[in-house]
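In: the following block contains a protein sequence and its predicted model.
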Amino acid sequence: MKLSLRLIPILAVAITIVTFIVARNQVRSEKHGLRADLERRSEILAESLQESVEPVIQKGSTSQLRRLVERFGNREHLEGVAIYDVNGKVTAVSSKLDTDAETPPAVFAKSVELNRPVGEYEKVGSSTMYVYALPLHRDTQLAGVLVLFHDASFIEAQSTRIWRDALWHVVAQVLLIILITFFVIRWTIVGPIAKVAHWMRDLRHGKFVPFPYRTSESFLGPLSTEAASLAQKLAEARAAAKAEAQLREAGDSLWTAERLRASIHKRLRGSSLFVVSNREPYEHVHGSSGIEVRVPASGLVTALEPILYACDGTWIAHGAADADREMVDANDRLRVPPDHPHYTLRRIWLTKEEEQGYYLGFANEGIWPLCHIAHTRPVFRAEDWEHYQRVNEKFAQAVLDEIDTAEKPFVLIQDYHFALLPRLIKSKRPDARVAIFWHIPWPNAEAFGICPWQRELLDGLLGADLVSFHIQAHCNNFLESVDQSLECRIEWDRFTVNRNDHITLVRPHPISVALPEPTEVTEPGISAEQNRADILAQVGAETLFLGVGVDRIDYTKGIVERFRGIESFLDKFPHYKEQFTFVQFGAPSRTSIKRYKDFVAEVAAEADRINRRLQSERWKPIVLFSRHSSHQEIEPYYKAADFCLVTSLHDGMNLVAKEFVVSRADEDGVLILSQFTGASRELHDALLVNPYDINQIADMIRKALEMPAEERQLRMKRMRRVVREHNVYRWAAELISELAEIRLDSPEMAETR
Ligand code: G6P
């Protein structure tokens, strides 16, 4: 039943009852007042008459008595006056009373009997009257009774009027209440509820709009926080269901964070997981607004976090930022991510000299250029090598402390900073399962052979149970290096190395990126056109075509070659001038190393040279952002670009290529990819280029811009399927499961199933 229909009768009955009680009380007091007034008047009149009548009775003059009663008989409400003798016989009566007074009223007898005045209401004829009887005396002897008849019907009439007025009041108030109730309910209850119902209907249909009331608005305002979280949960559930459906469609081949979590729990069988890397996942820096958190530009960080999330492990890394020490506990630990803690970060402190020798020197001036064929000569200094060994020992000690109480721990070491770490850990804790993932390429044996400490590095690595690279070619190069420099037995069919009775598996595990968060997929964003217009406005361009590049500013990334390719493209196809803008995000990196510092300047100078040569008044071809940019800042550019240009001279994998593909939910856009990246082995639908071939880069840019939409979409669709199926969850799951399946008991048994 409608709320108003229920409310109105209740209010009407309540008003009626209240009005009735008030009216009844009013009638009572009115009646009482009128009666008292009438009785008082009757008494006064009777007494004044008595004074005039008794002398006449004394005289016995009946005619005079009649005149007297006639004269007094026409007062207000007075019906008449009668005088009776003691026997009740009328002596004199006013003419108006006539026959009604022939028989004495009831008060006559009482008055005679009591010999005092008596007044009562009686029915006289057809009317109710107040009859007042007053004994008359002749010399102290009762000689008769004076009776006044007052009409009392006006009292009843007055009561009736009060009741009638009360009735009208009830009617008017009920009508007013009906109207007020109707409008109040409609404006303050039905209207808002209808709005909320509308919001819920939209939600049900997948349209996520904000709750119509804010906390302080309307009585429904307090629901807004709960409603927002309800909408969020619904969006996530929807996206999860969609991902689930896609999973089924993909024949269960899709790895998700959830599936990784379950898989890791199964594989670890209660053991704990420890990750070691040089670069930490979160850095604390002193910024303009106090201590700020930064996620460093490193593909490694992006890839490893899902594993730590899945098992609440410990990540051991160098605390390199200027506010890092202020954020740790007494054991140099903190929980991260800072706003949503899921795992522990243990920071290791290095002295300036250690950092210089181990990180900048040996790792980045030695091993990095050694492993990347980018024609920058590696520099090997004995003092750097000393620091490299000391820091590896320092990290080994920290790992041993962390795993001290852990049974059969899993230790995942990352990259070229820690080649010695596997042996250092394994020699103290043979029960630990140790893997090292080498995120950069491994060059051929001749190239690697120039390192004066190649034997030590290889021996350190072979302390691991598993050594992993992105691609098989790097595994092969590694095995050849081992073969040429160490005493050992290599089984090429199983890709294992047996050195001093310890077996090391050497396997490729191509790293990847995470799938977008479900909410990112479903949240209604701005339209593609609007995004592109916003991006162009941000870079001050009015062009039709947009290209994007994202890198750390590193000489291995081929950034200068890329710019020259763009210059050549505009020279060869000049009609694209003023029609095309290329946005390059370049995060300065390792700038304490002269080669890197110079390279930042070199990149800026090259962009400048090309811009100056080609630019017009309203246009320049290259926009260079030489600063650290977050993924959130870069993603809209990925989405708006016609193509992404990756021209690494040599790259283990290159996750920018995969991030670009993942961000293109519209299944559009072209990837131009260096053939010297690990990613080119998987993304066959990219336009592959040799970054040293400037002419080819120019042609590929043109091909990308002129590719028919159908082909573009088909290529992107296929690349997206590859990245979706070979995502980082799968990488992590396969790496851990390979490590978990290794038997540690004896060398003979150290095989994978
Ligand atoms: C490469 C390496 C990572 C490193 C990253 C950033 O991806 O493989 O180990 O973290 O570059 O370099 P940085 O020296 O700044 O850590």
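Out: Nice, thanks for sending it over.

In: residue ranges in this protein under the pLDDT threshold?
Out: 1, 236, 239-253, 517-525, 745-753 (pLDDT under 70).

In: now do 50
Out: 519, 521-523, 747-753 (pLDDT under 50).

In: pop the domain breakdown of it in here.
Out: Split into domains by automatic domain parsing, the chain comes to 2-157, 257-508, 528-726.

In: the last one and the ligand, any residue contact?
Out: Read that as domain 528-726. Yes: legend: contact between domain 528-726 and the ligand by Cβ under 6 Å from any ligand atom is shown at 552, 589-590. Yep, even glycine has a C-beta here, placed from its N, CA and C like the rest.

In: end to end on that domain, go ahead and measure it.
Out: Distance across domain 528-726, first residue to last, is 27 Å (Cα to Cα, to the nearest Å).

In: format the domains of the chain as JSON lines; extra columns: mean neighbour count and distance to V196.
Out: Below are these laid out as JSON lines (neighbours: other Cβ atoms under 10 Å; distance: least, Cβ to Cβ, whole Å):
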{"stretch": "domain 2-157", "mean neighbour count": "16", "distance to V196": "15"}
{"stretch": "domain 257-508", "mean neighbour count": "19", "distance to V196": "30"}
{"stretch": "domain 528-726", "mean neighbour count": "19", "distance to V196": "29"}
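
In: Throw the ones you listed into TSV and include distance to L223, thanks.
Out: Below are the domains of the chain laid out as TSV (distance: least, Cβ to Cβ, whole Å):
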stretch	distance to L223
domain 2-157	19
domain 257-508	26
domain 528-726	30
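
In: tell me who's in contact with the residue in the stretch 651-753 of the chain that the ligand sits nearest to.
Out: Closest to the ligand within the stretch 651-753 of the chain is G652: 6.6 Å, counting by Cβ to the nearest ligand atom. Contacts for G652 (Cβ atoms under 8 Å, 6 or more residues apart in numbering) come out as 438-441, 469-470, 474, 511, 677-678.

In: repeat that with 10 Å
Out: The neighbourhood of G652, defined by Cβ atoms under 10 Å, 6 or more residues apart in numbering, consists of 299-300, 371-372, 415-416, 437-442, 469-471, 474, 510-511, 556, 677-679.

In: show me which residues of this protein sit near the ligand.
Out: Counting by Cβ under 6 Å from any ligand atom, the chain sits next to the ligand at 279, 298-300, 415, 439-440, 552, 589-590.

In: ok, for M327, nearest residue in space, not its chain neighbours?
Out: H284 (4.8 Å; Cβ to Cβ, 6 or more residues apart in numbering).

In: and the next helix or strand past the helix or strand that neighbour falls within?
Out: Using DSSP states H and E, H284 sits within strand 283-287. Counting by DSSP H and E, the element after strand 283-287 in chain order, helix or strand, is strand 290-294.

In: relative to strand 283-287, how tilted is that following strand?
Out: 140 degrees (axes from the mean of the first three to the mean of the last three Cα atoms, to 10 degrees).

In: so what secondary structure elements neighbour strand 290-294?
Out: Under the contact definition 3 or more Cβ pairs under 10 Å, 6 or more residues apart in numbering; DSSP states H and E, strand 290-294 sits against strand 283-287.

In: and the contacts of the strand it packs on?
Out: For strand 283-287, contacts defined as Cβ under 10 Å, 6+ apart pick out 291-296, 317, 319-328, 334, 338, 347.

In: ok, now with 8 Å
Out: Under the contact criterion Cβ under 8 Å, 6+ apart, strand 283-287 has outside partners 291-296, 320-324, 326-327.

In: phi, psi for the residue of the stretch 651-753 of the chain closest to the ligand please.
Out: When read as degrees, to the nearest 10, the backbone of G652 gives phi -60, psi -50.

In: can you give me the strands in the stretch 351-500 of the chain?
Out: For the stretch 351-500 of the chain, applying DSSP state E, counting those that start in this stretch gives strands covering 410-414, 433-437, 466-469, 489-491, 496-499.

In: can those go into TSV with extra columns for distance to F362?
Out: Shown next, in TSV, are those (distance: least, Cβ to Cβ, whole Å):
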stretch	distance to F362
strand 410-414	16
strand 433-437	16
strand 466-469	19
strand 489-491	27
strand 496-499	23
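
In: for A231, which of those strands is the nearest?
Out: Each of the strands of the stretch 351-500 of the chain has some distance to A231 by Cβ to Cβ; the shortest is strand 410-414, at 38.1 Å.

In: which elements pack onto the closest one?
Out: When contacts are defined as 3 or more Cβ pairs under 8 Å, 6 or more residues apart in numbering; DSSP states H and E, strand 410-414 packs onto strand 273-276, helix 299-311, helix 421-428, strand 433-437, helix 728-741.

In: can you list contacts of the second one?
Out: Identification of contacts with helix 299-311 by Cβ under 8 Å, 6+ apart yields 257, 260-261, 264-265, 268, 272-273, 275, 277, 279, 281, 295, 313, 315, 342-343, 412, 414-415, 439, 511-514, 653-656, 728-729, 731-732, 736.

In: same question, the fourth one
Out: Applying Cβ under 8 Å, 6+ apart, the set of residues contacting strand 433-437 from outside is 271, 408-415, 418-419, 421-422, 425-426, 461, 463-469, 509, 511, 735, 738-740, 742, 744.

In: tell me how far stretch 446-460 lies from the chain's centre.
Out: Stretch 446-460 sits 52 Å away from the centroid of its parent chain (Cα atoms, centre = their mean, to the nearest Å).

In: identify the bridge partners of S626.
Out: Going by DSSP bridges, S626 is paired in beta bridges with G586.

In: so what's it up against?
Out: S626 makes contacts with 553, 586, 588, 600, 603-604, as judged by Cβ under 8 Å, 6+ apart.

In: which stretches of the stretch 451-600 of the chain form helices?
Out: Taking DSSP state H, counting those that start in this stretch as the test, the helices found in the stretch 451-600 of the chain are 454-461, 472-485, 518-522, 528-539, 559-572, 594-614.

In: quick check: next helix or strand after the top helix by length along the chain?
Out: For the chain, the helix with the greatest residue count under DSSP state H is helix 3-59. Next helix or strand after helix 3-59 toward the C-terminus (DSSP H and E): helix 62-72.

In: which helices and strands does that following helix pack with?
Out: helix 3-59, strand 78-84, strand 90-93.

In: now distance to K233 too, for those, in CSV please.
Out: CSV is the format used below for those (distance: least, Cβ to Cβ, whole Å):
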stretch, distance to K233
helix 3-59, 30
strand 78-84, 88
strand 90-93, 98
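
In: and P281, what element?
Out: Per DSSP H and E, P281 falls between elements, in no helix or strand.

In: close enough to count as contact, it and W315?
Out: Yes: counting by Cβ atoms under 8 Å, P281 touches W315, with 6.2 Å between them.

In: my guess is K717 meets D668, correct?
Out: No: with contacts counted by Cβ under 8 Å, K717 stays clear of D668, the gap being 9.6 Å.

In: just the helices in the stretch 301-450 of the chain please.
Out: 352-354, 368-371, 382-402, 421-428, 445-448.
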